[in-house]
Structure formats: structure tokens, C-alpha cells
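**Q** Show me how the following folds:
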Amino acid sequence: MMEIIKIKEAIVVEGRDDTAAVNRAVSALTIETHGFGITAATWALIEKAYNEQGIIVFTDPDYSGEEIRRKILQKFPDSGQAFLTRKEATKDGDIGIENASPEDIIAALSKAHYTADDKTPEYVMEDLIENGLAGGSDARNRRERLGSMLGIGYGNSKSFLKKLNQFSIPREEFTQKIRELN
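**A** I've put the predicted structure just below:
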């Protein structure tokens, strides 16, 4: 029998189907935003979890999910963030955490990252250009694949660079994943 993985932080998801998918993969408290219209009661619950045990924001890899993530991170900047790729979260044309396999959910949560705004940026745009992550015909695909490997999700060149620095991705890990990508 497989050991149940327990997550100490509360996982903030969009809806009940996401909660069901997370619960098939791990043992964790989930908090559902129910989309953009996050109620005062839900904000209070997220704040309580943030202050007491920490939270991991785990929203769908689509526009709505990113907007919800942005709203939560504005209020709770030290939250953890977990990401799935669009491929991992898509089934029959529908994108959402609820479509991901338990293995992909476990992998995403195990790579959850926390921001470190107080650090001097280690990465600059030249790092992306030199590694085929910006300016080239395959740059978008390479950023998407590397984002999945590092557990930081997809972003355009500017937002990808910001994630590398915010999540304090070690240079050694970046270099190793670039080697694997090549």
C-alpha cells in the first residue's frame, strides 16, 4: 500500500473538482476560491491558514487561474506556489487541476516555490537569450518545458525571468535542467 503524502500547508484551489483531485493525490486541507468572486469569508479563511500553517496557491494553468493566483499573491505575498503545465491539466479540451493525474499533482506540490523578494536578482535577460529561452523561434516551447522541470510554470520571457529570481532557483539547478532540456 502506498504511503499517503501529507501537506502541512493549506492548498488554495479554484473549485470542488480541484479539491477532489488534490485529495486523490495527497492528504491536505484545501480552500476553494470558487472563481474570481472570492467572498469575505473565504478571504478570512485563506488569511487564517496563511498565518497559521502557510498556503500553497495551486490554480489552473489558464488566464482565470493566473488572475486568481495574482489576486491571492497581492494579499499574501509569501505564499507557496505550485504549477501544472497545460498538458498535465488538460483532458478532452478542458483545462483544470481536476484533470491532472495524482502523480502530476504530487510532483507539482513537491516543487512548490516560495518568493524571495529581498534577494538581488541572479538572473538577467541575457541568461534567457544565451539558453534559447528568449528571442528564438523555439523559446516559448523551451520556457514551457523548463518551467515544468523547475516547477515554476510557464511565463513569457519577462515573467519567466521574474519567477527565476523570485523563487531563488539555484544556478546549479538551472544549469542542470538546461543540460537536460538540450
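
**Q** Show me the shaky parts of this protein.
**A** Applying pLDDT under 70 to the chain flags residues 1-2, 116-119.

**Q** And it, what are its domain boundaries?
**A** With automatic domain parsing as the criterion, the domains of the chain are listed as 8-115, 118-182.

**Q** Would you mind finding the most buried of those domains?
**A** Ranked by mean neighbour count, the domains of the chain are led by domain 8-115 with a mean of 18 (mean count of other C-beta atoms under 10 Å). Backbone N, C-alpha and C define where each C-beta goes, glycine included.

**Q** now the end-to-end length of that one.
**A** Domain 8-115 stretches 18 Å from its first residue to its last (C-alpha to C-alpha, to the nearest Å).

**Q** Tell me which stretches of this protein form helices.
**A** Secondary structure of the chain, counting by DSSP state H: helices at 16-25, 40-52, 63-75, 102-110, 125-130, 139-150, 157-166, 171-181.

**Q** Residue 88: which of the ones you listed is closest?
**A** Ranking the helices of the chain by proximity to residue 88 (C-beta to C-beta) places helix 102-110 first, at 4.4 Å.

**Q** Show me what the closest one is packed against.
**A** If contacts are counted by 3 or more C-beta pairs under 8 Å, 6 or more residues apart in numbering; DSSP states H and E, helix 102-110 sits against helix 16-25.

**Q** This completes my enquiry, with thanks.
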